[in-house]
Each structure stands twice: as structure tokens, then as C-alpha cells.
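Visitor: Build the 3D model from these lines:
(2 chains)
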Amino acid sequence: MSVVAQSLTSWVDGEAHLDDVTLTLEPGRIHTVLGRTGAGKTSLLRVLAGLSDVDSGDVLLDGRSLREVPPWRRETAMVYQQFINYPHLTALENVMFPLRRAKVPAAEAQRRAKEALEQVGLTHLSDRRPGALSGGQQQRVAIARALARRARILLLDEPLVNLDFKLREQLREELRGLFSGVGETVVVYTTTEPAEALMLGDEVIVMHEGRVAQVGSPAVIFETPATTAVARVVNDPPMNVIPGTLQGEHVAVRGLDLLPRASHLAGFADGPYLVGIPAPSLTFGTGPGVLATITFVEISGSETFVHVDLQGTELVVRAEGIHDVSTGDRVSMTVDPSRLFLFTEDGTLAAAPPHGRS
Amino acid sequence: MSRWPRRAQYLLLIVWAVFTAMPFLWAITTSFKDVNAVQGHVTYVPWLEFEPTLEAWRQIFGGAGGVNLVGPFVNSLIITVCASAIAIVLGALAAYGLSRFRYRIGPAKNKDIVFFFVSQRIMPPVVLVIPFFFLLQMPGLLDTRLGLIIVTVALLLPIAVWVMVDFFDNIPREIDEMAMLEGCTPMQAFLRAIVPNSAPGLTVAAMFCAVFGWNDFFFAFRLTFTQVQTLPQAVVALNSSIPPWWTLSAAALFGIIPLLVLAVLVERYLSKGNLAGAVR
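Guide: Down below sits the predicted model:
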């Protein structure tokens, strides 16, 4: 019953949109695909849906190649980031459309469509056309349409990205519940937001530059990012990765004081590495320590992202609460050495902080 | 904003409205005049300035000494309606293909193909009419409605394609993709998801086709002789060394009626139709 992507490779204008992507997607599980814009997330979904061709590779459903199967025979539902509905149909008719195309009898189709609209909380608006609905409501219709079909494969391409913050949070919560009833469906959900990927995914697929960088449970991905690229992508703000060296009892990172070598970094040969410093492991204050200059402050309400320039190295600090600092201020930086990640110089993970410390 | 610019706008609009309405007023009053009333200075007020008569209107509907424009009117109507309908169906299909699929004819890509269509209208009609003449002559379609319909389709197709390509390009491609994912073949996606949302585009295309088709004089003049006469031909034929202004006016007004009806129908449709909801 699973969907297997086999070495999907797709070149467009000399640029790899997909580069040897191999995945096994299990029914009943939610696979979130996390990656930056241009990482190949949408390309992957389009290939799975049959909307785009690949230069090589294949998609298998239950071991059967889908290569020659056109989109209209693939039983694939898709939710786009733009709220795509049929403008000439009401919400109810929109949800019924795919059911009627699949030859579900009218009464049954209507019952299922109403059920789906109820699930997304739109029963009272089922007679409205998309043009008379808000963006969030339009996307709910699109989600209801995809759910009502009970398709074999359900693809969601950054469905929340065009919603405003509050709606996004709300719908994200609801999606978790909506997905719990998908049963035998393979769900693939792409996003650029780590929180979304980690929260919704049973399995997180991190993509970077058209390749699969890492596949694993949210905890595994977050605690042991396989590469520096993954480490950056799964953290918000991105993890600071800067060159450093292991020297006996110490970790030397350019611009910072010598740090004590924490126990999880024992057993590695001295020498040059890339050191991953999670933004929350950094703190700043006015006490003694290394002086850095604040270049940019982002306040998100409950936390503050402070970008600093540490003797030529850009770092991001994530601090709880609001901090009364502004651009140009000189602050001292301290690092929690037990939370450092260690990567080899080619970017492969060498050591991660022990479980519960990251 | 002060009120003055708004007043200026209205003033300008009123001046323009009068300017465009005057020829109509002139034609309407003239159509109720006789030979005596058109002499001397221009008069507008019936009964006071001139004695209205229905003579001109009688003449264009087969009255004594006149012609009957009903036949040519019907010809024009049949040719315009058929040709427009065919051009819009073919044009919409062609435009959809050109908007959604990639074609390559030798070095020519979609854009070039669209330009090829449009370029048909760049050629002077005089150049086109010669090949048309021979093309119609071979199967014996000269001087027939069918022949004129075929030629008119060829003339209207570029307009329909051009208008519709532009329109389809502005409908999110995701809509037809989604229709395909939901079980529609490309043709079904076109018919069920795109066409129902294309009323504004189809209306504009239909309007252009109807206006161009209805007003064509040149091709009808060159490709038909005695059997088939279209309204513009018949109106021109009314002319003589001393222009009968009254019958010409009546004929012109008669010829405008279908376009007037069309304008009223279309205007409501155009302002209503929009694609809100299709795009975020």
C-alpha cells in the first residue's frame, strides 16, 4: 500500500529540481517535507501527482509503476498554497466535484461533502462561492475537498503559507485532528516552517537543493540533524554554524572565548570542525564575556531573535521574552557548551548534545 | 479632493456624450425626412422644423421605388452568428492549448504561434481576398453563405485566439491541474473547470467577433455577387449620384440594431463577470 519514490531526478534549464530522491511513504502516516523555498518540495509533490515529468526515476504505488498513469487516474488529492477552488461552484459543489467525477452517486457525494465541510467548520457557508469567502475559508474548502475524496495519496503544498499568522496557528492545530482520520491515505505535507513540520509530521523529510538530506522522526531530525544544512533548516532561527577547533579540554570557536569541552564532545580527535551553536544556547548580557554588536532585533512576542556581529561572524540568539536592546548595542555573549553540535568539516554530524539537552 | 475636478470630469463626459450622440440624432431625424426636408440648413425638431414621414423606412423594407433590406439583414445575421460561434469554439480550444501546453513547430514556440495567428490580421484585406477568391472558387463556394462563413471564420479566428489566450493565461493553471487530479481528462478539465469560469473572456471575444463580422463589407463585396448580399453591401448599394440621405440613415439605423442589442446584453455580463476567488 505504500508509495515509493525511486531515484527521482528532474532537471529544468540545467538546474536540478530533484536530484536522486528516493523515499518510502507509508499509508496512515503524515510525512512532512521540510525545506527552504527551492529545495524541491513542490517539484516532488508535482511528480507524485503526475503533473510533472522526471528525467529519470519512477513512482511506485503498491509496487506498480505510475509512470504511464496520467494525473486523472492517480487518485491523488492536492491542496495548493494558493487557495484553489472552482470559482463557479459553491463550497458544497466544490467538495462534491471530485466525488461526482469518481462516479459517487449524487446523494452519497452530497452526504460526504457535507461531512467534510462540517469537519472543517464551514457548514454554514456551504452555499457560498469561493469569491465570497475569506482566504482561510477558501483554504478550508480546498482541504475539505481533498479529505472528502479519501484519495490514496493526499498532497498538501504549503497549505498554510498564505494565511495570516493567527489563522495559520489555528488551522495547523486542526489539521492534526483532520489527518488523524485519513486511515489508508499516504499524506505528504510540505512546509518551510520547522515548527509545522515537526508538529504535524509522523516522519519528517528534510530536503535541501533537490536532495533528501535526512528522513526521520521529528525528534531524531531535531536532535540529531545529519548535516549542517539540516541543522539550519530545522531550527528557527537557523542554527549558527561556524568553524572551530577541538583543542584538548577546550572548544575554540572564532570570536568566542575558549569553551570547556562538554562530555558529548569527548572521544573526537583534536582538529578543525564546524561547530553548531543553537540560537537558544546563546545568551547575551552586560556582564563579562565576549563583546558583540547587535545588528538586528526581531521581536516575535514571546521571544526575541537578536542578530549579532561577533568580530565578523554573524550569530543569531534566541532569547525568551522581550529584551530591551537595540541595534548598535554592545553585549557580551555566553554559550552553553553542553548544547553544542559538532560537524565534520564537510558538514556531516559528528556529535549532538545528549537527549533532552538540545 | 475638491469638487472641481469631479465637475470637470462630468463636463468632459457630457461634451463627449453629445459629440458621440449627434450623428445618431442626425441619422434618426434624417430617416424621418423626405427629399424636401434635407435641403437647406440642418433641422432637428420634428413637426416644428420639418414634417416627419415614414417614407424612408418604407423604402428599405421593400416599399415602392426602394429595396428590401430584410434579406441582406438575415444573410448578415446568419453569417455573423455562425462565423462568430465557430470562431469562438475553435479559438477557445486553440487558445487553451496554447495557454496550457507547450508546442513546437520547427523553431516556433507557443508565443510565435500566437503571433502567427494575430499576424493574419496585419495583412491588408486586399492581399487576403485574392487567395480567398480562388480557394472559394474551386469548391464552388463563391457567392454562397457557406463560403462567406468560412472566410469570416478565418478572419475572426485570430481575434478569438488572441483574446482567449490572454484570458486563459490569467486563469490559474492550478485550477485545471486540480480538475485533472480530480478525475478530469484535459478536455474535461477545460469544459468543466475552465469554460464555466470564462464567461467574461468568451463574451469579449464574442463581441469582437460579432462586431467585425457584422461590419465586414470588403470580403462580402468581393466574394459574393448576385445570390448572397450582406447588409453592408445592400446599404452601400442604396447610394446613388444624389445620395438619398433619408434611406441611407434608415438603413444605417436598421443595421445598428443587432449591435445595440448585443451591447446591452454584453454590458451587464461584463461588469458582473470576474474571477475573484480563483486567485487569492
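Visitor: Touching, B:Ala94 and B:Val163? I think so.
Guide: No. Contact criterion Cβ atoms under 8 Å: B:Ala94 and B:Val163 do not qualify, at 11.6 Å. In this view, the C-beta of every residue, glycine as well, is placed from N, C-alpha and C.
Visitor: so what sits against both of the two?
Guide: Between them, B:Ala94 and B:Val163 share no contacting residue under Cβ atoms under 8 Å, 6 or more residues apart in numbering or on different chains.
Visitor: can you list contacts of the helix or strand A:Glu115 falls within?
Guide: Using DSSP states H and E, A:Glu115 falls within helix A:106-119. For helix A:106-119, contacts defined as Cβ under 8 Å, 6+ apart pick out A:91-92, A:95-96, A:99-100, A:104, A:123, A:126, A:141, A:144-145, A:147-148, A:178.
Visitor: looking at these, which has the most residues close by?
Guide: Neighbour counts for the contacts of helix A:106-119 (other Cβ atoms under 10 Å in any protein chain shown) peak at A:Val95, which has 31 neighbours.
Visitor: ok, for it, nearest residue in space, not its chain neighbours?
Guide: Nearest non-adjacent residue to A:Val95, counting by Cβ to Cβ, 6 or more residues apart in numbering or on different chains: A:Ala113, 3.8 Å away.
Visitor: residues near that neighbour, how many?
Guide: A:Ala113 - counted by other Cβ under 10 Å - has 26 other residues nearby.
Visitor: and it, what pLDDT?
Guide: pLDDT, A:Ala113: 96.
Visitor: For A:Val141, see how far away it is.
Guide: 10 Å (Cβ to Cβ, to the nearest Å).
Visitor: So for the two, which residues contact both of them?
Guide: Contact criterion Cβ under 8 Å, 6+ apart; residues shared by A:Ala113 and A:Val141: A:Val95.
Visitor: related to what we said a few turns ago, farthest pair in the contacts of helix A:106-119?
Guide: By the measure Cβ to Cβ, A:Arg100 and A:Leu178 form the most distant pair in those, at 22.1 Å.
Visitor: where in chain B is pLDDT low?
Guide: Residue ranges of chain B with pLDDT under 70: B:1-3, B:269-280.
Visitor: returning to that earlier point: between the contacts of helix A:106-119, which is nearest A:Thr348?
Guide: A:Thr348 has its nearest neighbour among the contacts of helix A:106-119 in A:Leu178, at 37.3 Å by Cβ to Cβ.
Visitor: returning to what we had before: so which bits of the helix holding A:Glu115 are buried?
Guide: Residues A:109-110, A:112-114, A:116-117, A:119 are the ones in helix A:106-119 that count as buried (16 or more other Cβ atoms under 10 Å in any protein chain shown).
Visitor: And the closest residue to chain B within the stretch 251-358 of chain A, how close does it get to A:Gly136?
Guide: At 24.6 Å from chain B, A:Ser300 is the closest residue in the stretch 251-358 of chain A, using Cβ to the nearest Cβ. Remark: distance between A:Ser300 and A:Gly136 (Cβ to Cβ) = 21 Å.
Visitor: Just want to know which of the two has more residues nearby.
Guide: A:Gly136 (17 against 11).
Visitor: Was I right to think the more buried one contacts A:Lys166?
Guide: No. Applying Cβ under 8 Å as the test, A:Gly136 and A:Lys166 come out as separate, 9.3 Å apart.
Visitor: who's in contact with A:Gly271?
Guide: So A:Gly271 contacts A:245-246 (Cβ under 8 Å, 6+ apart).
Visitor: Across the sheet, point out what pairs with it.
Guide: A:Leu246 (DSSP bridges).
Visitor: how near is it to A:Leu246?
Guide: 6 Å.
Visitor: for A:Ala229, same thing?
Guide: 22 Å.
Visitor: cool, B:Leu90 as well?
Guide: With distances taken as Cβ to Cβ, B:Leu90 is found 74 Å from A:Leu246.
Visitor: okay, those two: which has more neighbours?
Guide: Taking neighbours as other Cβ under 10 Å, B:Leu90 and A:Leu246 compare with A:Leu246 leading, 21 against 15.
Visitor: Please tell me I have it right and the more buried one contacts A:Phe268.
Guide: Yes. If you go by Cβ under 8 Å, A:Leu246 and A:Phe268 touch, sitting 5.8 Å apart.
Visitor: Spit out the residues that contact those two alike.
Guide: Shared contacts of A:Leu246 and A:Phe268 (Cβ under 8 Å, 6+ apart): A:Leu342.
Visitor: you'd agree A:Val3 is up against A:Ile153?
Guide: Yes. With contact defined as Cβ under 8 Å, A:Val3 reaches A:Ile153; the gap is 6.1 Å.
Visitor: Between these two, which is the more surrounded one?
Guide: Neighbour count, other Cβ under 10 Å: between A:Val3 and A:Ile153, A:Ile153 has more, with 24 against 21.
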